[in-house]
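In: Give the three-dimensional model of this entry:
(chains A and B)
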Protein chains: 2
Amino acid sequence: MENFDFYAPAEIVFGKGTQKKTGELLKGRAKKALLHYGSGSIKKSGLYDEIVASLKQSGIDFVELGGVQPNPRLSLVHDGIALCKKEGVDFILAVGGGSAIDSAKAIAMGFYYDGDVWDIYEQHKAIEKALPVATVLTIPAAGSESSGDTVVTNEEKQLKYGYGSPRLRPVFSIVNPELFFTLPKNQIANGVADMMSHVFERYFTNTTHTDLTDGLCETVLRTIIKNAPLVYRNPKNYDAWCEIGFSGTVAHNGLVGMGREQDWACHGMEHELSAIYDVAHGAGLAVLTPAWMSYVYKTNVNMFVQFAVNIMGVNGSYRDPDAIVREGIDRLGEFFRGIGLPSTLGELGIDESKLEVMARKATKDAFGKENPLGGLKKLYWKDVLEIYRLAK
Amino acid sequence: MENFDFYAPAEIVFGKGTQKKTGELLKGRAKKALLHYGSGSIKKSGLYDEIVASLKQSGIDFVELGGVQPNPRLSLVHDGIALCKKEGVDFILAVGGGSAIDSAKAIAMGFYYDGDVWDIYEQHKAIEKALPVATVLTIPAAGSESSGDTVVTNEEKQLKYGYGSPRLRPVFSIVNPELFFTLPKNQIANGVADMMSHVFERYFTNTTHTDLTDGLCETVLRTIIKNAPLVYRNPKNYDAWCEIGFSGTVAHNGLVGMGREQDWACHGMEHELSAIYDVAHGAGLAVLTPAWMSYVYKTNVNMFVQFAVNIMGVNGSYRDPDAIVREGIDRLGEFFRGIGLPSTLGELGIDESKLEVMARKATKDAFGKENPLGGLKKLYWKDVLEIYRLAK
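Out: Next up, the predicted model:
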């Protein structure tokens, strides 16, 4: 186990009816909030009215900014920063999924930054201050409700960059699985793939002596694999949604990856797909993850045997570890297809034409310097290109 | 799953050499700290000197109060409060195990309380303020480094009471497993029993649909069961200590019990043993837990089958669930004995004479009102007496 620092201060207020506590939880913390949300589905569902009523009841003044899109856009972040400055906002309340929350975090740190907030993403600048952020989660997926991470797309430059700081951890997050009942099936599946990837990216490691975190990763993944088909078949299954919702939060609050070298290659490779083709992040991950596994598993066969046995339930002769691993990867692909996720880049509408461009972008930092992906195995642009091709 | 509120803001700074960061972590948070510790073993080990050097380097002024005993005494807490007031202390740094940390938390809340701090324990008063507390952990056991809980013994009244508040969560806790190398074997074993009990008390529940937290509990317990004999045999096994140290923190930061009705009967019954006979908390729990299991398991046989199979590794015919459960309980007893823990009250020097007195005290609140223990099964004084007798 490596040295680590675990800090997950976001208060998770979980369960039925908890969105009604929003105003009460903001009391004493916010005078004037920015209510930040997406396409307006929260207006159809009635959630918007509930939140507004709760804010009014607690005497919290607010302005609002909707319109966050999946792969949240830098231009809206700029609008949000300007609005917060003009209106004297002192708190941001994001109501939505990872996109609304990530956009809120971008506004929160941009508020105190003199230049263009994109610099922070591009140059990984340490931030000193950010407006406090809280969330009401409507899509379990990104884990942004507990993490200090934010991912934003610069639509002009076709770049999708992530950034993380402990100062961006939400103050509190309301997670009511009832709010997930109306999600379309593709969003359910994309969310599942995303939260699974958050665990996989931490799980696959060359670090040894990791009994506890191995077990934590495995139990989160088994829980998701058991419950995802239940909510996919019946999106009103509250009990199964509780498991998925809580798993999504635990998957990304940091705990399951503590003391381990982490990987994050699949996220890096996927961000190129989203940036250029605007595909759903989870769908991209579902395509790339099995391809990545096939490409890298020989680097650490025992780690992948453990994945196949402890997560995918493969049992058989340990005398042929490659067969065990391949069976595990096949089962993962079957699981994804079982909840309607794609298996190939073709299904995402991505052809051969830009694979090399994406592979080269994925392995360069903002200054154009070579910056290979991955922890378990370092991936250079030719490796990434091979993986894209495996996923064709 | 039930509604829950998860809040675990303590920053866990984990690994080799981390005690040297103490001063740096206190910078900007403390002007004058109370350095609070136990018997002075930290002076022999050199830890005291390292901490003092780190405080001086960061310009943190401090006063000190040693002498915390196991089952920390209210009288020393009173001394600590008086000292902090006199010296204008604004931060408490506990260096030690659960006793030093619990004593520090008592001082922290007593500092702002006008009456006797014991009132807070006795009457479960909500507190508004407490001095901030941080810890350098030297014994993995109580989990107090991440929890908001404190347990103190009123030696005059022979009462041992617990209290919890989110305001008592440490700001940060330094957990360096190298500091555990010099622990005597009985303290190693007592700590293991204590952290296991923190998980058991959350694990055994009648709440249904608890896949994720069942799995989290089980993996923490399996990790402890695997690694405890390793550190018991070789107290310089850093890798195994990492697993035990991190497990002890995760066992009691709240996570593994979220959304579950919890039990805590064994802790309630054990506090009576410690209050009257001053036995080590972990040793008392090792005696009482198997007896409690034998007494209550028929209330929820399936829960105990799951314990036996998923934690104790029992496999056999599920057509005789009682046999599975009994085998699981037997294995737990064997595990405890294997690391030198007692199996009977007799081994703790406790005879029949006060069993009834303790059973009656354990099931009364501070106002003398009947207050049964337990969540999985409510235990009245006659039940507790039966369990004490089973453990004779």
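In: From here on, just use CA atoms for contacts and neighbour counts.
Out: OK.
In: now the closest residue to chain B within chain A, what's its secondary structure?
Out: Closest residue of chain A to chain B, C-alpha to the nearest C-alpha: A:Pro9 (3.9 Å). The three-state label given to A:Pro9 by DSSP: H, G, I helix; E, B strand; the rest coil is strand.
In: which residues sit in contact with it?
Out: Neighbouring residues of A:Pro9 by C-alpha atoms under 8 Å, 6 or more residues apart in numbering or on different chains: A:Arg169, A:Pro170, A:Val171, B:Tyr7, B:Ala8, B:Pro9, B:Ala10.
In: and what of A:Asn3?
Out: A:Asn3 sits in contact with A:Gly259, B:Val13, B:Phe14, B:Gly15, B:Lys16, where contact means C-alpha under 8 Å, 6+ apart.
In: out of those residues, which one sits closest to A:Ser343?
Out: For those, the closest approach to A:Ser343 (C-alpha to C-alpha) belongs to A:Gly259, at 32.0 Å.
In: I figured that closest one was touching A:Phe6, is that so?
Out: No: in this structure A:Gly259 lies outside contact range of A:Phe6 using C-alpha atoms under 8 Å: 9.3 Å.
In: Go through stretch A:348-359 and list whatever outside residues touch any part of it.
Out: Contacts for stretch A:348-359 (C-alpha under 8 Å, 6+ apart): A:269, A:272-273, A:277, A:279, A:283-284, A:342, A:345, A:381-382, A:384-385, A:388-389, A:392.
In: Centroid-nearest residue for chain A?
Out: A:Ala142 (2.6 Å; C-alpha atoms, centre = their mean).
In: so how far is A:Ala228 from the residue nearest to it when sequence neighbours are not counted?
Out: Leaving aside its sequence neighbours, A:Ala142 sits nearest to A:Gly98 (C-alpha to C-alpha, 6 or more residues apart in numbering or on different chains; 5.0 Å). Taking C-alpha to C-alpha, to the nearest Å as the measure, A:Gly98 falls 18 Å from A:Ala228.
In: give me the number of residues near the nearest residue to A:Glu50 once chain neighbours are set aside?
Out: The shortest distance from A:Glu50 to any non-neighbouring residue, by C-alpha to C-alpha, 6+ apart, is to A:Lys20 (6.7 Å). A total of 17 residues lie near A:Lys20 under the criterion other C-alpha atoms under 10 Å in any protein chain shown.
In: Tell me if A:Lys20 really is in a helix.
Out: Yes: per three-state DSSP, A:Lys20 lies within a helix segment.
In: Next one, pLDDT for it please.
Out: pLDDT recorded at A:Lys20 is 97.
In: That one touches A:Tyr48, doesn't it?
Out: No: if you go by C-alpha under 8 Å, A:Lys20 and A:Tyr48 don't touch, sitting 11.0 Å apart.
In: how many neighbours does the nearest residue to A:Leu168 once chain neighbours are set aside have?
Out: Closest residue to A:Leu168 apart from its sequence neighbours, by C-alpha to C-alpha, 6+ apart: A:Gly148 at 4.5 Å. The number of residues packed near A:Gly148 is 24, by other C-alpha under 10 Å.
In: Can you tell me the SS state at A:Tyr121?
Out: Per three-state DSSP, A:Tyr121 ends up helix.
In: residue contacts, it?
Out: By C-alpha under 8 Å, 6+ apart, the neighbours of A:Tyr121 are A:Tyr161, A:Gly162, A:Tyr163.
In: So which of the residues you listed are in helices?
Out: Assigned to helices by DSSP state H, none of these qualify.
In: Narrow the contacts of A:Pro9 to just the buried residues.
Out: Listed as buried from the contacts of A:Pro9 are A:Arg169, A:Pro170, A:Val171, B:Tyr7, B:Ala8, B:Pro9, B:Ala10; burial here means 16 or more other C-alpha atoms under 10 Å in any protein chain shown.
In: Now the two most distant members of the residues you listed.
Out: A:Pro170 and B:Ala10 (15.0 Å).
In: What are the structural domain limits within chain A?
Out: Here the domain parsing of chain A from automatic domain parsing is A:11-179, A:185-390.
In: can I get those in a markdown table with distance to B:Leu288?
Out: Shown next, in a markdown table, are these (distance: least, C-alpha to C-alpha, whole Å):
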| stretch | distance to B:Leu288 |
| --- | --- |
| domain A:11-179 | 33 |
| domain A:185-390 | 26 |
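In: near chain B, which residues of the stretch 51-200 of chain A?
Out: For the stretch 51-200 of chain A, the contact set with chain B under C-alpha under 8 Å from any C-alpha of the partner chain is empty.
In: so how far is B:Gln123 from A:Lys85?
Out: Distance from A:Lys85 to B:Gln123, by C-alpha to C-alpha: 47 Å.
In: let me fix that: A:Ala193
Out: Taken as C-alpha to C-alpha, the span from A:Ala193 to B:Gln123 is 48 Å.
In: so, if you compare the contacts of A:Asn3, which one comes nearest to B:Met312?
Out: A:Gly259 (26.3 Å).
In: so what's that closest one up against?
Out: A:Met1, A:Glu2, A:Asn3, A:Phe4, A:Thr210.
In: ok, and the closest non-adjacent residue to it?
Out: A:Glu2 (4.3 Å).
In: ok, the one you found - how many residues close by?
Out: 16.
In: Checking it next. Helix, strand or coil?
Out: coil.
In: Could I get the buried residue list for stretch A:206-217?
Out: Within stretch A:206-217, the residues that count as buried by 16+ other C-alpha under 10 Å are A:Asn206, A:His209, A:Thr210, A:Asp211, A:Leu212, A:Thr213, A:Asp214, A:Gly215, A:Leu216, A:Cys217.
In: Work out the gap between it and the centre of the chain.
Out: Offset of stretch A:206-217 from its chain centre (C-alpha atoms, centre = their mean, to the nearest Å): 21 Å.
In: distance between the ends of that stretch?
Out: Stretch A:206-217: ends 15 Å apart by C-alpha to C-alpha.
In: Do that stretch and chain B come into contact?
Out: Yes: Stretch A:206-217 reaches chain B (C-alpha under 8 Å from any C-alpha) through A:His209, A:Thr210, A:Asp211, A:Leu212, A:Gly215, A:Leu216.
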